[in-house]
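Visitor: Need a 3D model of the sequence below.
(2 chains)
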Amino acid sequence: MAPLFALRGLEFAFNAQRPVLRGTDLDLHSGEVVGLTGSNGSGKTTLLHLMVGLLRPQAGTVEAFGRVRCTEEDFRPVRARAGLLFQDPDDQLFCPTVAEDVAFGPLNLDRTHPEAEAIVDRTLGTLGLTAIKDRVTYHLSGGEKRLVSLAAVLAMEPEVLLLDEPSVSLDDAATGRLIEALRKLQQAMVVISHDRRVLEALATRYVRLEQGTLRTV
Amino acid sequence: MTSGTRLQGPRNWGDLGLHAVDSPIQRRDPRIRVLLAGTLAVSVVTLDDLLLSALGLGLAMGLVVIARLRLRAVLAALLALDSFMVLVVALLPFSVPGEAAFHLGSVAATWQGLETAALIALKANAVLLSTLALVGTLEIVALGHALHHLYVPDKLIHLFLFTVRYLGLMHQEYTRLRQAMRARAFRARSDRHTWRSVGYLLGMLLVRSLARSERILAAMKCRGFDGRYHRLRHPPLERLDWYFGAGGLTVAAGLVAAGAL
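Guide: Down below sits the predicted model:
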């Protein structure tokens, strides 16, 4: 079966003197969870951003869902099918209430209001967040913010999840709840994490980003 | 621990510490409350009679009582307004021409000036109190929605909601940076080092805010944002809302009519 994502020879530099990626290859097949590790600043986040077209590679190709993607137009549908969870939930939650933030994606995908509300209820229910549906996002705790931002991504019903350090700044209990929630999901994932607990609970294989290339570990 | 409370500080920027109390006003529809606050303010401002303005202030106080506002929060808001009003009220009697009421040295205070000063003070306080009672008790979010339904341009509302959402965060960032500076024994003095450091602080804040706004836009794009902004529905007006609105309008119209007589 064709891979969901096939990255070939990606090269990327914010600054020409210090390239971040130099010829990175990665395949993501359905059903697998790739644990992406690497030291700080090795380009892990950059790689995820390249996958959904928030950044464009200077060389190499991003093939997603069976097509090579180059332009903003190409990447729009990719972003709906591959949900990216940002490192800092505060970057992601910008709507006033939890329900509206979760509904933001579905409404952008032209779901009707009743459909969006049904999706909101279902998604919050799956993650056990129904009780905070009408809370104001800036009053939430760190753990709640993280789960709500996950709900916001899941509400778009993506086929792939790209998680950028999902457990960062969460305490033990909150990390446990997050792992619990993620384990129930069927989607293929790429998970960036420094947290052994998260990786061991989820990953089916590991790759390590070093010197701008990916190595299977 | 002061540092801990400082960091938490104004998480909640758009909030005057007024809402969350259940009251007959709190149960009314936000749209009606915004409209009424505007109408009442305009009708009070048109008055030029001392008694009627005092009546307006009385009505506003009544609203404050009905809204069950916390006295401390109201006094804090009044203090902010009235510390400015004191200046106006103290200067007006001496600057408006008319019949002298008393002399201070060689300058005369006029009856007309005293009356104008009292009128302005009464009207300003009446407008502030009624707005606090009707609009100040709204969650910022509800206020944004109400404005949307009152056909205020969406761009302005987004600007407003985003500001509220991220102002607190920027303030937290500012406090964190300030703490980091203090942790390395920074004390504000009047020397070059202080000015340069404060400059760095502001510059860093600007850079961080810019970076954050880029990350927010990226996050929005990831969820299919293309410039349109959708909203979950708003509950319909209840019969009580109509009564409330009609009652308020009658009072406002009555004030204006009485003023015109």
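Visitor: What ranges does chain A have for its helices?
Guide: Using DSSP state H, the helices of chain A run over A:44-51, A:72-81, A:89-92, A:98-108, A:113-126, A:142-154, A:172-183, A:196-202.
Visitor: Run through the strands of the stretch 51-200 of chain B in chain order.
Guide: Taking DSSP state E, counting those that start in this stretch as the criterion, the stretch 51-200 of chain B carries its strands at B:100-104, B:107-110.
Visitor: Quick one: closest of these to residue B:145.
Guide: Among those, strand B:107-110 comes nearest to residue B:145, with 48.2 Å by CB to CB. Placement of C-beta: from N, CA and C, glycine included.
Visitor: Just the buried residues of the closest one, please?
Guide: B:108-110 (16 or more other CB atoms under 10 Å in any protein chain shown).
Visitor: got it, and stretch A:131-139?
Guide: A:132-133, A:135-138.
Visitor: Repeat that for stretch A:7-25.
Guide: Quick answer for stretch A:7-25 (16+ other CB under 10 Å): A:7-8, A:10, A:12-13, A:19-22, A:24.
Visitor: how far out from the middle of the chain is it?
Guide: Put simply, stretch A:7-25 sits 20 Å off its chain's centre (CA atoms, centre = their mean, to the nearest Å).
Visitor: Ok, stretch A:151-158 next?
Guide: The answer for stretch A:151-158 is 10 Å, by CA atoms, centre = their mean.
Visitor: quick one: is that stretch near chain B?
Guide: Yes. Residues of stretch A:151-158 contacting chain B under CB under 8 Å from any CB of the partner chain: A:152-153, A:156.
Visitor: Name the residues of chain A found near chain B, please.
Guide: Checking chain A against chain B by CB under 8 Å from any CB, the hits are A:49, A:52, A:54, A:76, A:79-80, A:83-84, A:86, A:88, A:90-92, A:94, A:96-97, A:99-100, A:103-105, A:107-109, A:113, A:116-117, A:136-139, A:152-153, A:156.
Visitor: separation between residue B:67 and chain A?
Guide: Here residue B:67 is placed at a distance of 20 Å from chain A (CB to the nearest CB, to the nearest Å).
Visitor: ditto for residue B:114
Guide: Applying CB to the nearest CB to residue B:114 and chain A gives a distance of 47 Å.
Visitor: about what we covered before: would you reformat the buried residues of strand B:107-110 as JSON lines and include pLDDT and distance to chain A?
Guide: Shown next, in JSON lines, are the buried residues of strand B:107-110 (pLDDT from 0 to 100; distance: CB to the nearest CB, whole Å):
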{"residue": "B:108", "pLDDT": "83", "distance to chain A": "55"}
{"residue": "B:109", "pLDDT": "85", "distance to chain A": "50"}
{"residue": "B:110", "pLDDT": "87", "distance to chain A": "51"}
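Visitor: Go through the buried residues of stretch A:131-139 and name the one with the lowest pLDDT.
Guide: Ranked by pLDDT, these bottom out at residue A:138, which has 75.
Visitor: was I right about that one contacting residue B:165?
Guide: Yes. If you go by CB atoms under 8 Å, residue A:138 and residue B:165 touch, sitting 6.2 Å apart.
Visitor: Tabulate the buried residues of strand B:107-110 in JSON lines, adding columns for distance to residue B:25.
Guide: JSON lines is the format used below for the buried residues of strand B:107-110 (distance: CB to CB, whole Å):
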{"residue": "B:108", "distance to residue B:25": "45"}
{"residue": "B:109", "distance to residue B:25": "40"}
{"residue": "B:110", "distance to residue B:25": "40"}
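Visitor: Of all the helices of chain A, which one is nearest residue B:135?
Guide: helix A:98-108 (20.9 Å).
Visitor: how far off helix A:72-81 does the closest one point, in degrees?
Guide: Calculated by axes from the mean of the first three to the mean of the last three CA atoms, to 10 degrees, helix A:98-108 forms an angle of 130 degrees with helix A:72-81.
Visitor: Which residue is most remote from the mean position of chain B?
Guide: residue B:106 (40.1 Å; CA atoms, centre = their mean).
Visitor: before we move on, back to that, now intersect the buried residues of stretch A:7-25 with the strands, please.
Guide: Secondary structure assignment by DSSP state E places A:7-8, A:10, A:12, A:21-22, A:24 of the buried residues of stretch A:7-25 in strands.
Visitor: Identify, from these, the entry nearest to chain B.
Guide: Nearest to chain B among these is residue A:12, at 15.4 Å by CB to the nearest CB.
Visitor: ok, that closest one touching residue A:43?
Guide: Yes. Between residue A:12 and residue A:43 there is a contact under CB under 8 Å: 7.3 Å.
Visitor: What I need now is the ones in strands among the buried residues of stretch A:7-25 written out in TSV, including pLDDT for each item.
Guide: TSV is the format used below for these (pLDDT from 0 to 100):
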residue	pLDDT
A:7	95
A:8	95
A:10	94
A:12	95
A:21	94
A:22	93
A:24	93
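Visitor: residue contacts, residue B:78?
Guide: Residue B:78 makes contacts with B:125, B:128-129, as judged by CB atoms under 8 Å, 6 or more residues apart in numbering or on different chains.
Visitor: Would you mind giving those residues as CSV with pLDDT added?
Guide: Output for the contacts of residue B:78, formatted as CSV (pLDDT from 0 to 100):
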residue, pLDDT
B:125, 93
B:128, 93
B:129, 92
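Visitor: and of these, the nearest to residue B:190?
Guide: residue B:128 (37.1 Å).
Visitor: on that earlier part again, so the residue farthest from the centre of chain B versus chain A, what's the distance?
Guide: 57 Å.
Visitor: For burial, what's the neighbour tally of the closest residue to residue A:142 other than its chain neighbours?
Guide: Once flanking residues are discounted, residue A:142 sits nearest to residue A:169: 5.7 Å by CB to CB, 6 or more residues apart in numbering or on different chains. For residue A:169, the count of nearby residues is 14 (other CB atoms under 10 Å in any protein chain shown).
Visitor: separation between residue A:169 and residue B:30?
Guide: 35 Å (CB to CB, to the nearest Å).
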